[in-house]
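Enquirer: Dropping a prediction and its sequence here:
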Amino acid sequence: MRHDTDIIGIYPEQLSGYVPLISFKTEGQKQAAENYITEEVDVFFAKIFYNQKKPKYQPIPYSQLITEKDFKIVDIEYFYLNLFYDLMRNPATHKLESTIKWCITFDVKCAPIQLAWHSPHYKGSNPPNPNDETGLPYRKFGTIDINGYPVFYYIHFTLQEILEVIK
């Protein structure tokens, strides 16, 4: 006999059918997880744009995240409403500029890029210092690019690392 166990919930407002929803019992847990993610994303962008002017970046709501399977079915309006709504031409450079958007992902297929951490202070003969955090990030990520420039970053997090933060 089969019983309805309610192990997995359904969230119909989720845009993608391939993105799991996580939730917490308390606002404090939610805030702790979001603070951790925001801090990690700040570190990530500081390292990605090392020795460059750090661009503006902002998250899109997790409920609006899409995967590679969704690209075939999502309407083009999605991209204008979520990624390009603030696209403008810089009057000084005449280049198009937009705030970089990002979202967390648990899907490693959305984050195929992983830069090996390598300290800029390592010269090949000195032993590496594991406490040196000035090198490139060791977090997986993926991008959506326009003309070779990333306009959206999928930043990979594991459920385990988020659970460790709220415990």
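Expert: Looks like it came in fine. Numbers count the residues shown, from 1 in each chain.
Enquirer: now stretch 86-103: mean pLDDT?
Expert: For stretch 86-103, mean pLDDT rounds to 84.
Enquirer: Helices of this structure, start to end?
Expert: 27-48, 77-82, 159-166 (DSSP state H).
Enquirer: mind giving me a markdown table with those and columns for mean pLDDT and distance to Asn147?
Expert: Just so you know, the C-beta spots here come from the backbone N, C-alpha and C atoms, and that holds for glycine as well. Below are the helices of the chain laid out as a markdown table (pLDDT from 0 to 100; distance: least, C-beta to C-beta, whole Å):
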| stretch | mean pLDDT | distance to Asn147 |
| --- | --- | --- |
| helix 27-48 | 90 | 18 |
| helix 77-82 | 84 | 14 |
| helix 159-166 | 90 | 33 |
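Enquirer: Determine which stretch of those is the most buried.
Expert: Of all the helices of the chain, helix 27-48 has the most neighbours on average by mean count of other C-beta atoms under 10 Å, namely a mean of 15.
Enquirer: chain center to that one: distance?
Expert: 10 Å (C-alpha atoms, centre = their mean, to the nearest Å).
Enquirer: Stretch 72-86 now?
Expert: Averaging C-alpha positions (C-alpha atoms, centre = their mean) puts stretch 72-86 17 Å from its chain's average.
Enquirer: swap in stretch 48-68?
Expert: 6 Å.
Enquirer: Alpha carbons of it, as CSV, please.
Expert: C-alpha atoms of stretch 48-68 as CSV (Å, rounded to 0.1, in the frame of the first residue of the first chain):
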residue,chain,number,x,y,z
ILE,A,48,37.6,36.8,-10.9
PHE,A,49,38.2,40.5,-11.5
TYR,A,50,41.6,40.5,-9.7
ASN,A,51,43.6,43.5,-10.9
GLN,A,52,40.6,44.9,-12.8
LYS,A,53,37.8,47.3,-12.0
LYS,A,54,35.3,45.2,-10.2
PRO,A,55,31.9,45.5,-12.0
LYS,A,56,28.5,45.9,-10.5
TYR,A,57,26.7,42.6,-9.9
GLN,A,58,23.4,41.5,-8.5
PRO,A,59,21.5,38.3,-8.0
ILE,A,60,18.4,37.3,-9.8
PRO,A,61,15.8,35.5,-7.7
TYR,A,62,16.5,31.8,-7.4
SER,A,63,12.9,31.1,-8.6
GLN,A,64,13.9,32.7,-11.9
LEU,A,65,17.0,30.5,-12.5
ILE,A,66,17.0,28.4,-15.7
THR,A,67,19.1,25.5,-16.8
GLU,A,68,20.4,24.5,-20.2
